[in-house]
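J.: need the 3D shape of this:
(one chain, ligands or ions: 1)
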Amino acid sequence: MIDIYKKLPGTNCRECGESTCMAFALKVKNAQRKLSECPYVKHEDEESLTQESVVTMENNYKRVSKELEEEIKLVDLKEAADAIGGNYHKGSPEATLSASSRSDSVGNSGGVIRLKMMNDEYEVRNEGLFKGNQYCHDSWSKIIIYDYVRRKGNISLTGDWVSLGHFHDAASHTKAFQQKAESKIAEKFNSDINGLKNRCKELEGVEVQSEIKADYVCGFELLPRVPMYICFWEADEEFPASCKLHVDSSAEAYIDIEYLAYLLEWFVKIFVE
Ligand code: SF4
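T.: Numbers count the residues shown, from 1 in each chain. Purely as a prediction, here's the structure:
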């Protein structure tokens with residue numbers, strides 16, 4: 001973190017949306033921000049850190065996912081499954097064998113949690129994340145799911161549908177991101193509400209009769225306890241289409257808001273493909 005901090009001007013100007021340069025450096029270290037998001041970082045400084053292999057984003061993602069994987073070894077998966085809406089299974093023979101051979105794994109029950117992130121099925125074992133019975137090498141999938149499991153959110157949905165900007169922890173770039181993601185959907189489906197409905201169906205969205213006054217509202221599950229609504233207003237003669245992505249206000253108990261922003265971005269990328 002200090003290596004990163006040394007490349008920043010130290011003026012705490014807040015233009016990046018963080019309250020201090022140190023807070024920004026910490027987020028870069030934790031793969032939640034990119035060094036280039038500070039407008040005052042010199043290109044050559046960014047490159048030198050990259051060459052030293054200190055803060056390449058990919059290295060950061062790997063390191064953070066490894067750190068979280070270590071934490072997962074200590075999590076009681078049965079207890080966590082109840083708290084996060086995952087399905088607990090006593091575990092595959094391999095998982096149980098592997099678990100019983102590791103005496104250092106305090107929370108290791110040898111079981112597995114099966115859950116869906118968007119439309120993909122994953123299995124969380126104490127030894128890591130698996131997809132289709134293969135170890136998952138995607139750092140972001142691991143970061144988001146491990147964080148979700150270790151937090152054991154365990155609170156009820158509130159029924160309040162809010163944008164990311166509602167959350168205390170959401171930095172300004174997170175809010176800007178959401179607007180960008182929303183406008184991608186609005187632009188793609190501008191006056192084609194049927195196209196939007198079909199895309200929602202393809203991705204297993206469910207039309208919702210909500211209090212939100214929109215032309216169309218469709219619900220998705222980003223994670224078992226992190227539902228999301230796409231709210232869409234079709235273009236008319238006066239205004240272009242607009243779109244809002246809302247999550248339940250309980251989301252911050254389940255997932256880091258920066259990771260949630262990434263997950264929404266990921267969702268939108270797939271949605272407009
Ligand atoms: S924009 Fe750069 S200089 Fe300003 S607070 Fe953020 S990290 Fe520090």
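J.: wait, a helix at His168?
T.: No: using DSSP: H, G, I helix; E, B strand; the rest coil, the assignment for His168 is coil, not a helix.
J.: tell me the secondary structure for the closest residue to it other than its chain neighbours?
T.: Excluding the flanking residues, the one nearest His168 by Cβ to Cβ, 6 or more residues apart in numbering is Glu252, at 7.8 Å. Backbone N, C-alpha and C define where each C-beta goes, glycine included. Assigned by three-state DSSP, the conformation of Glu252 is helix.
J.: one more: Glu79?
T.: helix.
J.: report how many residues lie close to Ser156.
T.: 10 (other Cβ atoms under 10 Å).
J.: what does Leu35 give?
T.: Counted with other Cβ under 10 Å, the neighbours of Leu35 add up to 21.
J.: separation between it and Asn12?
T.: 17 Å (Cβ to Cβ, to the nearest Å).
J.: circling back to that earlier point, ok, now how distant is the residue nearest to His168 from Ala214?
T.: 24 Å.
J.: ok, those two, which is more surrounded?
T.: Glu252 (21 against 18).
J.: surely that one touches Val162?
T.: No: with contact defined as Cβ atoms under 8 Å, Glu252 does not count as touching Val162 (9.8 Å).
J.: following the chain past the lowest-mean-pLDDT helix or strand in the chain, name the next helix or strand.
T.: Every helix and strand in the chain was compared by mean pLDDT, DSSP states H and E; the lowest is helix 93-100, with a mean of 44. Counting by DSSP states H and E, the next helix or strand C-terminal to helix 93-100 is strand 112-117.
J.: same question for that next one, mean pLDDT?
T.: Strand 112-117 carries an average pLDDT of 95.
J.: all helices of the stretch 151-273 of the chain, in order?
T.: Secondary structure of the stretch 151-273 of the chain (DSSP state H, counting those that start in this stretch): helices located at 172-189, 193-202, 251-254, 257-271.
J.: for the second one, packing partners?
T.: Think helix 193-202. Helix 193-202 sits against helix 172-189, strand 216-223, strand 226-233, with contacts defined as 3 or more Cβ pairs under 8 Å, 6 or more residues apart in numbering; DSSP states H and E.
J.: the ligand: which of those is closest?
T.: Of all the helices and strands packed on helix 193-202, the one in closest proximity to the ligand, counting by Cβ to the nearest ligand atom, is helix 172-189 (10.2 Å).
J.: domain boundaries for this structure, per the record?
T.: 2-54, 68-151, 161-271 (automatic domain parsing).
J.: near the ligand at all, the last one?
T.: Which is domain 161-271. No: if you take Cβ under 6 Å from any ligand atom as the test, domain 161-271 misses the ligand, and the best it gets is 9.8 Å.
J.: off-centre distance for that domain?
T.: Mean-position distance between domain 161-271 and its chain equals 14 Å (Cα atoms, centre = their mean, to the nearest Å).
J.: could you work out the end-to-end span of that domain for me?
T.: 20 Å (Cα to Cα, to the nearest Å).
J.: give the contact list for Gly219.
T.: 205-208, 227-229 (Cβ atoms under 8 Å, 6 or more residues apart in numbering).
J.: pull out the buried members of the residues you listed.
T.: 205, 208, 227-229 (16 or more other Cβ atoms under 10 Å).
J.: which residue comes closest to Gly10 once chain neighbours are left out?
T.: Gly10 sits nearest to Cys21 (Cβ to Cβ, 6+ apart), 5.2 Å away.
J.: re earlier: reformat the domains of the chain as TSV; add distance to Tyr61.
T.: Shown next, in TSV, are these (distance: least, Cβ to Cβ, whole Å):
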stretch	distance to Tyr61
domain 2-54	5
domain 68-151	4
domain 161-271	10
